[in-house]
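Novice: With the sequence up front, the predicted model follows.
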Amino acid sequence: MLAGYWSGVPASGFRRYAPVLLDARNTRWMPWTPALRRLGDALLPAGAAAWNDFAACRLFDRWAANRLRPGMADAVIACEISALATFRKAKSLGMATFLDAPSIHRQAQDQLHGTADPPRLHRRVASVKDEEIALADHILTVSELARQTYVAAGVPPKKAHAVPLGADLELFAPELRKELAPHDFTFLFAGATIRRKGFDLLLEAFGRIAQDPGVELRIAGTRGDLGSLLDGLNGGRVVFLGPRSQPELAVELRRADCLVLPSRNDSYGMVVAEALASGTPVLVSEMVGAKELLTEGQTGWIIPVEDVHALAERMAWCAGHRDEVRALRPACRIAAESASWPAYQRRLTTLLRELAT
């Protein structure tokens, strides 16, 4: 079904993920897109870097639109902020338009955590997103939670579709672990240390159970807007690992007793599926889309968003019921079976065939 794959990220050779086998004749890689974004992040102040990131997305969109030709494809899928010009051109060529929406609707984002972008840029991004939604024949979200935010914002229910993502069930898999000392219990947070991920909530909750000397919190991910909260913590029972490759993350998930993701907004949260595939129970907020994979008390727990008390209470319960938590590992792996990448591919191709015909 794939007529072409055009992206700033190559289909093969990218160090973080395994290559995707695609016909090279159908792929186009624009390295200047991520290069421009990374250069801006490294050299520019935050406000200017945000404008630079927006400009890179818009340039890529125009590049793609200029290369669409009659008869090239029946439909085009484009990611938000990089879809406006592409959709306009596709419409003129009689192509169906699918908006790839990796996040929740912008109105829900503003309500949940606002934005650090300059006000003028924020208005411009909102305008582009709204125009893309209007031009899209269909919107593809990554969870039912995300889909509902689009419906709540006025998108017709039949136009918005949830296609939950997958995980590599071969890479992320349980293994026999050596027997742990009965006082050891490890929580893992995997993600950027940012407010949207609820990193401040996690540290506050962990601080409330710090009287238990056998509990450890390991943090795998990049330093984000709350990275300064790590200062003075690393080296004790809070261990900051920094960015981890996929194989390294798999090791961390296997050694963890519980993954914690108290996000204020996570349209999916792929690490939830990866944790379950590794046999690791998960503690998430109600605003994590992958909560759909959980069965309360059997594969994990769901707490109200921004509720530090509920988070600390559940973490304390887990630390105090080590054997019960570890007994959930087989059920976690079973729960992940529906979240494999082949299952995702079947869901997506079935939906696209139904919508594009």
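Specialist: Cool, got the structure. Residues are numbered from 1 along each chain as shown.
Novice: contact partners of stretch 233-253?
Specialist: 15-18, 168, 171-173, 188, 190, 203, 206, 210, 213, 215-223, 230, 259, 271, 274-275, 278, 280 (CB atoms under 8 Å, 6 or more residues apart in numbering). Placement of C-beta: from N, CA and C, glycine included.
Novice: Would you mind measuring the gap between the ends of that stretch?
Specialist: End-to-end span of stretch 233-253 (CA to CA, to the nearest Å): 21 Å.
Novice: starting at the chain centroid, how far to it?
Specialist: Its chain's C-alpha centre and that of stretch 233-253 lie 18 Å apart, by CA atoms, centre = their mean, to the nearest Å.
Novice: just stretch 318-334 next, same as before
Specialist: The chain centre lies 24 Å from the centre of stretch 318-334; the measure is CA atoms, centre = their mean.
Novice: got the buried residues for that stretch?
Specialist: Buried residues in stretch 318-334, counted by 16 or more other CB atoms under 10 Å: 318-319, 322, 325-326, 328-329, 331-333.
Novice: Secondary structure, distance to residue 106 and pLDDT added to these, as a markdown table?
Specialist: Shown next, in a markdown table, are the buried residues of stretch 318-334 (DSSP: H, G, I helix; E, B strand; the rest coil; distance: CB to CB, whole Å; pLDDT from 0 to 100):
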| residue | secondary structure | distance to residue 106 | pLDDT |
| --- | --- | --- | --- |
| 318 | helix | 35 | 96 |
| 319 | helix | 38 | 94 |
| 322 | helix | 42 | 92 |
| 325 | helix | 37 | 96 |
| 326 | helix | 41 | 93 |
| 328 | coil | 36 | 96 |
| 329 | helix | 38 | 95 |
| 331 | helix | 36 | 96 |
| 332 | helix | 33 | 96 |
| 333 | helix | 36 | 95 |
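Novice: Now do the contacts for residue 75.
Specialist: Contacts of residue 75 (CB under 8 Å, 6+ apart): 90, 95-98, 352, 356.
Novice: now, which of those lie within strands?
Specialist: 96-98 (DSSP state E).
Novice: Select from these the one having the most neighbours.
Specialist: With neighbours taken as other CB atoms under 10 Å, the top of these is residue 98, carrying 23 neighbours.
Novice: Now do the contacts for that residue.
Specialist: 75-78, 136-140, 352, 355 are the contacts of residue 98 under CB under 8 Å, 6+ apart.
Novice: tell me the two of these that are most distant?
Specialist: Maximum pairwise distance among those (CB to CB): 15.2 Å, between 78 and 355.
Novice: the more surrounded of these two?
Specialist: residue 78 (24 against 16).
Novice: element containing the more buried one?
Specialist: Per DSSP states H and E: residue 78 is located in strand 75-79.
Novice: can you give me how far stretch 92-112 is from the chain middle?
Specialist: 15 Å.
Novice: Go through that stretch and flag the buried ones.
Specialist: Buried residues in stretch 92-112 (16+ other CB under 10 Å): 95-101, 103-109, 112.
Novice: can you tell me which residues contact residue 95?
Specialist: The neighbourhood of residue 95, defined by CB under 8 Å, 6+ apart, consists of 68, 73-76.
Novice: hmm, 7 Å instead?
Specialist: 73-76 (CB atoms under 7 Å, 6 or more residues apart in numbering).
Novice: And these, which two are furthest apart?
Specialist: Of all pairs in these, the most separated under CB to CB is 74 and 76 at 8.8 Å.
Novice: in the stretch 151-300 of the chain, which spans are strands?
Specialist: Along the stretch 151-300 of the chain, the segments classed as strands by DSSP state E, counting those that start in this stretch run 160-162, 185-190, 215-220, 238-242, 258-261, 282-285, 300-303.
Novice: quick one: residue 263 and residue 196 touch, right?
Specialist: Yes: applying CB atoms under 7 Å as the test, residue 263 and residue 196 come out as touching, 6.4 Å apart.
Novice: Which of the two has more residues huddled nearby?
Specialist: Remark: of residue 263 and residue 196, residue 263 carries more neighbours, 26 against 20, as counted by other CB under 10 Å.
Novice: What's the per-residue pLDDT of the more buried one here?
Specialist: For residue 263, the model assigns a pLDDT of 96.
Novice: Residue 176 now?
Specialist: 59.
Novice: ditto for the one 3 residues further on
Specialist: pLDDT, residue 179: 47.
Novice: what do you get for residue 36?
Specialist: Per-residue confidence (pLDDT) for residue 36: 89.
Novice: and after the helix or strand containing it, which helix or strand comes next?
Specialist: For residue 36, the element it lies in under DSSP H and E is helix 32-43. Following helix 32-43 in sequence order, the next helix or strand is helix 46-67 (DSSP H and E).
Novice: Relative to residue 53, how far out is residue 28?
Specialist: Between residue 28 and residue 53 the computed distance is 21 Å (CB to CB, to the nearest Å).
Novice: Around residue 218, how many other residues sit close by?
Specialist: 17.
Novice: And residue 143, by the same measure?
Specialist: Residue 143: 23 neighbours (other CB under 10 Å).
Novice: wait, it sits on residue 164?
Specialist: Yes: judged on CB under 7 Å, residue 143 makes contact with residue 164 at a distance of 5.7 Å.
Novice: Name the residues contacting each of those two.
Specialist: In contact with both residue 143 and residue 164: 268, 292, using CB under 7 Å, 6+ apart.
Novice: about what we covered before: pull out the buried positions in the helix holding residue 36.
Specialist: Of the residues in helix 32-43, 33-34, 36-37, 40 count as buried by neighbour count, 16+ other CB under 10 Å.
Novice: what's the answer for stretch 281-288, then?
Specialist: By neighbour count on 16+ other CB under 10 Å, the buried set for stretch 281-288 is 281-285, 287-288.
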